[in-house]
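Trainee: With the sequence up front, the predicted model follows.
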Amino acid sequence: MDERDASHGPVDEMGSTSMERWFRMVAASIAWFAIGLQYYLVTHKPDVAIIEATIRYFSYFTMLSNILVALAMTLPWLAPNSALAAFFSRPSVRTALATYIIIVAAIYHVILRPLWNPQGWQLVADMIEHVATPGLYMVDWLLFVPKGTIAAKSVLGWLIFPIAYAAYSLIHGAVTGYYPYPFLNVSELGYERVLVNMAALAATFAALGLVLVAIDRMLGAEEAPKTG
């Protein structure tokens, strides 16, 4: 039994500790509550048809990232022997999700929060999606994800999802006229400015990913003497 196992409780056949399982159960429950609440709020607006509202719901990077994080917190204990659980348990995948959810939180608080004033249940959903879920996921990443195995080149692969999302947003916006974020709004900013914004965001994703890889290596080096 290594230091991680000794400090976090007994280990099951999948290598998960009891503390890890309970933490992820609680975190997943909170995340799924906000995901469901946000869907209810989006689809119960009187001026938008439910199909269109559903498409818009899944057109937000915030929602896609929160759903991925919720899956990553759920599958390892709910279906530990599944291929999806194995996928979401990979340190590289979990670190990619950490990159996405940190960006989600940062953009919300720096750019989007000053633009509107959510109230009631909308405020609850927003705070969970942009504060509680990112915070809980980062605690999970720091405490329970094995460190020291991620190559810097992995960051290039992590960019595929946000780049594909940005491309979808432009196509969807061109067809429907709806852009989920002001910095992607071609109707107001034009393609040149939006492409510059997308490049800046891609660079930010890459830079943050490299920072997390560096932290991963540092923590991995600290864990090595304990487990060796």
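Mentor: The structure has been received and is ready for your questions.

Trainee: Next, count neighbours for residue 208.
Mentor: Residues contacting residue 208 under the criterion other CB atoms under 10 Å number 18. Glycine gets a C-beta too; all of them are placed from N, C-alpha and C.

Trainee: Contact partners for it?
Mentor: When the contact criterion is CB atoms under 8 Å, 6 or more residues apart in numbering, the partners of residue 208 are 99, 102-103.

Trainee: Assign it to helix, strand or coil.
Mentor: helix (DSSP: H, G, I helix; E, B strand; the rest coil).

Trainee: same check, this time on residue 47
Mentor: On the basis of three-state DSSP, residue 47 is classed as coil.

Trainee: Please report phi then psi for it.
Mentor: The main-chain torsion angles of residue 47 are listed as degrees, to the nearest 10 and equal phi -100, psi 0.

Trainee: what's the spacing between it and residue 36?
Mentor: Using CB to CB, to the nearest Å, residue 47 is found at 22 Å from residue 36.

Trainee: of those two, who's got more company?
Mentor: Neighbours per residue, other CB under 10 Å: of residue 47 and residue 36, the larger number sits with residue 36, 11 against 5.

Trainee: residues contacting residue 201?
Mentor: Applying CB under 8 Å, 6+ apart to residue 201 gives the contacts 103, 162, 166, 183.

Trainee: Turn the contacts of residue 208 into TSV, including neighbour count.
Mentor: TSV is the format used below for the contacts of residue 208 (neighbours: other CB atoms under 10 Å):
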residue	neighbour count
99	25
102	21
103	20
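
Trainee: so which of those residues comes closest to residue 157?
Mentor: Proximity to residue 157 was ranked across the contacts of residue 208 by CB to CB; first place goes to residue 99, at 11.2 Å.

Trainee: Show which residues not belonging to the strand or helix carrying that closest one make contact with it.
Mentor: Element membership for residue 99 (DSSP states H and E) is helix 91-107. Residues from elsewhere that reach helix 91-107 (CB under 8 Å, 6+ apart): 61-62, 65-66, 68-69, 72, 87-88, 129-131, 133-134, 137-138, 140-141, 145-147, 149-150, 154, 157-158, 161-162, 181, 201, 204-205, 208-209, 212-213, 216.

Trainee: ditto for stretch 28-37
Mentor: Here stretch 28-37 has contacts from 63, 66-67, 69-70, 73-74, 121, 124-125, 128-129, 132-133, 136, using CB under 8 Å, 6+ apart.

Trainee: Show me the helices in the protein, by range?
Mentor: In the chain, helices defined by DSSP state H lie at 3-8, 18-43, 50-57, 61-78, 83-89, 91-107, 120-127, 133-144, 154-158, 160-176, 186-227, listed in chain order.
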